[in-house]
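Student: Have a look at this prediction, sequence included:
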Amino acid sequence: MSSSPRFDRSHTDELIAFLSASPTPYHAVASAAERLEKAGFRQVDEAAQWDGTSGGKYVLRGGSIIAWYVPKGAEPHTPFRIAGAHTDSPNLRVKPLPDSGAFGWRQVAVEIYGGPLLNSWLDRDLGLAGRLSLRDGSTRLVNVGRPLLRIPQLAIHMDRSIYEKGLQLDKQKHMQPIWGLGDAHEGDLISFLEEENGITAGDVTGWDLMVHSIEPPAYLGRDEELLAGPRMDNLASVHAATAALTAAAASDGLNHIPVLAAFDHEENGSQSDTGADGPLLGSVLERSVFARGGTYEDKARAFAGTVCLSSDTGHAIHPNYAERHDPTHHPRANGGPILKVNVNNRYATDGSGRAVFVDACERAGVPYQHFVSNNAMPCGTTIGPITAARHGIKTVDIGIAILSMHSARELCGSDDPHLLASALAAFLES
Ligand code: ZN
């Protein structure tokens, strides 16, 4: 182990609490907002007139949050420094008419959100969480965090071909959870949620509900050097960026405006009113310039000087599948944050972006690593290139290296979340 700042267990303990409190993107932004409020940030209403006062502010829209800290003496053309991330994770989401079943089993009809490893959802105790829209126009976050549902795998005796062919799962037929016994009646699931949450029967008129593993995150390994848990992709980044923003807000002499931008809908392409490919970030930054008396020219100057470190998980070298990785780029758990490079712009990083990242890591005193795909493997992507292209903002893709990406339970080094947060804080504070 090298010297400071490793290993700060308090950050990872805090991440565990964040993951547990955030089974959905709506809960994740509420968890981030709670931490920002404690640091003195205040929510601003998108429908209200904004003022140009200094201090910490944030906007919540669905499963997305944009937070920023205006230091005293900031000019209208003061540039931004943005820590970007996404709040959503692949999972199973409740269909409009969920009450189904057969042969005395009650089931909940679900759609597949994003690209989960389907097998990882089998034979787990699952909870149900999300947001309910009520007749009076309000919304309620709900979380049934006890064992409520399960997708039982077929017994080996009934399909021995899985030894040769591997497990074949049909997204429609094989992924419908059971949640008890009896006949299904339309409205059962929503009535149950109304009852569980003390809501008058019939008051729920809309919902966005999703399934989550209720098993809490846990340290793992001989020396507890690993962390196993759900939604590390990408709540580890959301949590690190939130911690970095509150640290930056407490620092002196900022010559830019530090920003947290965490978006929903990355896992299905980011094209929504709350996604990174929507107008949310641009409109918030622009309004912040105008609220401080800025002009279009000030906005253009501010954007020209703005840099975004966009953080998302990447792949650590897998000991059982080393040939799937690049032969010489081998990100390791607890090796520090990774710089993600793809010359075909699946990641937005270029040489000058690398310099920004290296500068942040060096000032934070944290090690760093490089990720690049094997040329024969298609490379994933993230919100970085979208942010760069949509807003013309210089963007660098970074993250932490994990295993089991898109599993219901992922695995990372227990040190890396803190190392990422330190690098992001150095970036936002500089
Ligand atoms: Zn991700």
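Tutor: Okay, I see it.

Student: In the stretch 251-400 of the chain, which residue sits nearest the ion?
Tutor: Ranked by CB to the ion, the top residue of the stretch 251-400 of the chain for proximity to the ion is Asp312, at 4.2 Å. (Glycine included, C-beta is placed from N, CA and C.)

Student: which residues touch that residue?
Tutor: Ala85, His86, Asp233, Asn234, Ser237, Glu266, Lys340, Thr382, Ile383, Gly384, Asp397, Gly399 (CB atoms under 8 Å, 6 or more residues apart in numbering).

Student: Ala244 is in contact with His418, isn't it?
Tutor: No: taking contacts as CB atoms under 8 Å, Ala244 lies outside contact range of His418: 11.0 Å.

Student: which one of the two has more residues nearby?
Tutor: Taking neighbours as other CB atoms under 10 Å, Ala244 and His418 compare with Ala244 leading, 27 against 24.

Student: export the helix or strand that one falls within as PDB, just CAs?
Tutor: Using DSSP states H and E, Ala244 sits within helix 232-249. The C-alpha trace of helix 232-249 is given here as PDB (Å, rounded to 0.1, in the frame of the first residue of the first chain):
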ATOM      1  CA  MET A 232     -22.100   0.900  -8.200                       C
ATOM      2  CA  ASP A 233     -22.500   1.700 -11.900                       C
ATOM      3  CA  ASN A 234     -22.900   4.600 -11.400                       C
ATOM      4  CA  LEU A 235     -23.900   5.700  -7.900                       C
ATOM      5  CA  ALA A 236     -20.300   5.300  -6.800                       C
ATOM      6  CA  SER A 237     -19.600   8.300  -9.100                       C
ATOM      7  CA  VAL A 238     -22.700  10.200  -8.100                       C
ATOM      8  CA  HIS A 239     -21.700   9.800  -4.400                       C
ATOM      9  CA  ALA A 240     -18.000  10.800  -5.100                       C
ATOM     10  CA  ALA A 241     -19.100  13.800  -7.100                       C
ATOM     11  CA  THR A 242     -21.500  15.000  -4.400                       C
ATOM     12  CA  ALA A 243     -18.700  14.600  -1.800                       C
ATOM     13  CA  ALA A 244     -16.300  16.500  -4.100                       C
ATOM     14  CA  LEU A 245     -18.800  19.400  -4.700                       C
ATOM     15  CA  THR A 246     -19.400  19.900  -0.900                       C
ATOM     16  CA  ALA A 247     -15.600  19.800  -0.300                       C
ATOM     17  CA  ALA A 248     -15.100  22.400  -3.100                       C
ATOM     18  CA  ALA A 249     -17.800  24.600  -1.700                       C
END
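
Student: is any part of that helix close to the ion?
Tutor: Yes: Helix 232-249 comes into contact with the ion (CB under 5 Å from the ion), by way of Asp233, Asn234.
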